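Enquirer: Generate coordinates for the sequence data below:
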Amino acid sequence: MSTPATKPQTAQIKCVNKRDRPNPHERITHVGGYGASQWKLTQEEAIGMIERREWNFYVALPGTNKSVWVEVGTSRYGNKYLRTQGDDDQRNNLLSLPECP
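Expert: The predicted structure follows:
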């Protein structure tokens, strides 16, 4: 007997904490948000939640009513990191968010 799949929860990432590193794949250390309560996760925790299909995260695009999903990317060195769908070198939606408290 199989267990019915549960639908992942969804949260908006509204802030990040970054290291001062030139490589964008190594910069983000934490992601966070707020609404009914404030929350903050390490990048590794968020990656695990996405991969286990427990949570879906998204980022609102500034100046629009559009949003983009956050996904797990893998660098050419095999390191996992968070990125938004459609991110390119010209605009990084996560790195442009304000710092989390």
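Enquirer: for the lengthiest strand in the chain, packing partners?
Expert: Among the segments of the chain that qualify as a strand by DSSP state E, the longest is strand 67-74. Packing contacts for strand 67-74, counted by 3 or more Cβ pairs under 8 Å, 6 or more residues apart in numbering; DSSP states H and E, involve helix 43-51, strand 55-60, strand 80-84. In short, each C-beta sits where N, CA and C put it, glycine included.
Enquirer: worst-scoring helix or strand of the protein, pLDDT-wise?
Expert: Among the helices and strands of the chain, helix 24-27 carries the lowest confidence by mean pLDDT, DSSP states H and E, at a mean of 66.
Enquirer: after that one comes which helix or strand?
Expert: Using DSSP states H and E, the helix or strand that follows helix 24-27 in sequence is strand 28-33.
Enquirer: what's the angle from that next one to strand 80-84?
Expert: Counting by axes from the mean of the first three to the mean of the last three Cα atoms, to 10 degrees, strand 28-33 points 50 degrees away from the direction of strand 80-84.
Enquirer: Strand 28-33 - which strands sit beside it in the sheet, and in what orientation?
Expert: Using DSSP bridges, strand 28-33 pairs in its sheet with strand 15-18 (antiparallel), strand 39-42 (antiparallel).
Enquirer: To K7, which of these lies closest?
Expert: Closest to K7 of the strands paired with strand 28-33, according to Cβ to Cβ: strand 39-42, at 19.2 Å.
Enquirer: buried set for that closest one?
Expert: 40-41 (16 or more other Cβ atoms under 10 Å).
Enquirer: Over to stretch 69-84?
Expert: Neighbour-count burial for stretch 69-84 flags 70, 73, 81-84 (criterion: 16+ other Cβ under 10 Å).
Enquirer: And stretch 44-64, by the same measure?
Expert: Buried, per 16+ other Cβ under 10 Å, within stretch 44-64: 46-47, 49-50, 55, 57-59.
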